[in-house]
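> sequence? don't have it. structure:
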């Protein structure tokens with residue numbers, strides 16, 4: 001006879017991803033990152049494998065995977081003293097390209113009632129938010145994958161930030177000469193943007209550039225010429241301002257391409273110029289970047305997405321949206 005259930009809780013979310021993508025994303029331990037918790041897996045994600053959850057200042061929590069049905073469901077069992085805390089995951093297709101992800105938490109065992117209050121306190125008010133973040137994470141990962149040309153390499157770690165370097169404007173100028181030599185009068189505007197364009201601001205050591213052309217969707221008008229100089233097209237986002245992004249040949253750059261009159265151009269320049277002239281917001285942005293950079297990120301874009309709130313706050317003061 002199965003043990004009586006002392007506590008259970010279930011919550012479902014839907015994500016705009018295929019069941020196979022949802023399964024692969026969730027069973028990749030890299031995507032379990034939830035600071036300050038760290039998750040380690042001793043072997044492959046399969047029935048019988050053990051894993052560990054680490055919290056600062058606490059004893060490690062051991063757990064085991066069971067009942068893996070690839071693409072459909074799995075269970076994580078966390079043994080307690082004469083009790084068992086189980087996390088049951090299922091993945092169901094809602095429609096083409098949309099998946100329902102369900103997590104059911106079950107506490108059983110002779111001494112389960114001893115743990116019921118703590119389990120309820122830990123998950124009762126957080127499960128819904130946690131599942132929502134998981135759905136958002138896998139949806140965003142799917143979008144990044146769809147937009148990326150070539151191999152998508154997860155970061156799986158913190159972001160490297162360095163102090164401002166007076167060399168960065170010179171690096172931009174060198175790359176600008178290359179771009180203009182390749183495209184000539186097709187270059188309607190070429191600007192140094194991002195944190196490396198703001199003196200005194202910590203930044204990833206990557207030069208962000210904005211190239212404005214007549215129609216960024218018409219790649220044949222500019223891409224072959226850039227590629228002839230060693231630039232590599234890495235991002236194509238038709239649904240977001242027809243944005244394209246190239247990586248550099250020698251210098252680590254992000255060359256963002258937009259069409260003339262694209263509102264994102266003014267937004268990026270307004271943000272840059274405001275930070276150049278406003279010490280308080282420059283410090284706020286630096287502080288936020290530093291705090292976020294220390295966390296563990298699966299993708300660099302996820303770190304960028306996490307800055308949305310502070311960017312919006314600063315843009316309001318800068319007179320933009």
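It's in. No experiment lies behind these values; they were computed from the predicted model shown. Numbering: from 1, shown residues only.
> So residue 84, which state does it fall into?
What DSSP: H, G, I helix; E, B strand; the rest coil gives for residue 84 is strand.
> And for it, the neighbour number?
Neighbour count for residue 84, taken as other C-beta atoms under 10 Å: 15. C-beta coordinates here come from the backbone N, C-alpha and C atoms, glycine included.
> ok, it - contacts?
Contacts for residue 84 (C-beta atoms under 8 Å, 6 or more residues apart in numbering) come out as 3, 77, 78, 107, 108, 109, 112.
> Mind jotting down where the helices sit in the stretch 51-200 of the chain?
Along the stretch 51-200 of the chain, the segments classed as helices by DSSP state H, counting those that start in this stretch run 112-123, 127-147, 168-183.
> What residues of the helix or strand hosting residue 304 count as buried?
Element membership of residue 304, judged by DSSP states H and E, is helix 300-306. Residues of helix 300-306 classed as buried: 300, 301, 302, 303, 306 (neighbour count, 16 or more other C-beta atoms under 10 Å).
> Need the helices of the stretch 51-200 of the chain in CSV (columns: distance to residue 71 and mean neighbour count).
Shown next, in CSV, are the helices of the stretch 51-200 of the chain (distance: least, C-beta to C-beta, whole Å; neighbours: other C-beta atoms under 10 Å):
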stretch, distance to residue 71, mean neighbour count
helix 112-123, 26, 15
helix 127-147, 14, 17
helix 168-183, 45, 17
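> And these: which comes nearest residue 70?
Nearest of the helices of the stretch 51-200 of the chain to residue 70, taken as C-beta to C-beta: helix 127-147 at 16.7 Å.
> What lies in contact with the closest one?
Contacts of helix 127-147 (C-beta under 8 Å, 6+ apart): 9, 11-17, 21-22, 25-26, 31, 34, 101, 103, 105, 152, 235-237, 298-299, 301-302, 305.
> Check stretch 108-124 too.
Under C-beta under 8 Å, 6+ apart, the answer for stretch 108-124 is 2-7, 9, 80-86, 105, 107.
> now swap in stretch 263-275 and tell me
Under C-beta under 8 Å, 6+ apart, the answer for stretch 263-275 is 189, 191, 193-194, 197-198, 201, 210, 212, 241, 243, 258, 281-282, 285, 311, 314-315, 317-321.
> Just the ones in strands from these, please.
Those of those mapping onto strands are 189, 191, 193, 210, 212, 243, 258, per DSSP state E.
> quick one, what contacts the fourth one?
Taking C-beta under 8 Å, 6+ apart as the contact definition, residue 210 lies against 189, 190, 191, 193, 256, 258, 265, 268, 269.
> again, only using 7 Å
Residue 210 makes contacts with 191, 193, 256, 258, 265, 268, as judged by C-beta atoms under 7 Å, 6 or more residues apart in numbering.
> Name the nearest residue to it, ignoring sequence neighbours.
Nearest residue to residue 210, sequence neighbours excluded (C-beta to C-beta, 6 or more residues apart in numbering): residue 191, at 4.6 Å.
> Please report how far the one you found lies from residue 306.
Note on residue 191: its distance to residue 306, by C-beta to C-beta, to the nearest Å, is 24 Å.
> re the thing from before, which entries within the contacts of helix 127-147 meet the buried criterion?
In the contacts of helix 127-147, burial by neighbour count holds for 11, 13-15, 17, 21-22, 25-26, 31, 101, 103, 105, 235-237, 298-299, 301-302, counting by 16+ other C-beta under 10 Å.
> Count the neighbours of residue 192 for me.
Applying other C-beta under 10 Å, we find 20 residues neighbouring residue 192.
> wait, isn't it in contact with residue 209?
Yes - under the criterion of C-beta atoms under 7 Å, residue 192 makes contact with residue 209 at 6.2 Å.
> which neighbours do the two share?
Overlap of the contact sets of residue 192 and residue 209 (by C-beta under 7 Å, 6+ apart) consists of residue 172.
> shaky segments in the chain?
By pLDDT under 70, the low-scoring segments of the chain are 1-2, 320-321.
> would you turn the contacts of residue 210 into CSV with distance to residue 69 and neighbour count?
Formatted as CSV, the contacts of residue 210 follow (distance: C-beta to C-beta, whole Å; neighbours: other C-beta atoms under 10 Å):
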residue, distance to residue 69, neighbour count
191, 52, 18
193, 48, 21
256, 43, 23
258, 45, 21
265, 49, 21
268, 46, 20
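> residue ranges of the strands in the stretch 1-150 of the chain, please?
Under the criterion DSSP state E, counting those that start in this stretch, the stretch 1-150 of the chain contains strands at 5-15, 38-41, 50-54, 61-69, 73-80, 83-95, 98-108.
> which parts of stretch 301-320 are buried?
Buried residues in stretch 301-320, counted by 16+ other C-beta under 10 Å: 301, 302, 303, 306, 310, 311, 314, 315, 318, 320.
> And the fifth one, how close does it get to residue 285?
Going from residue 310 to residue 285 by C-beta to C-beta gives 6 Å.
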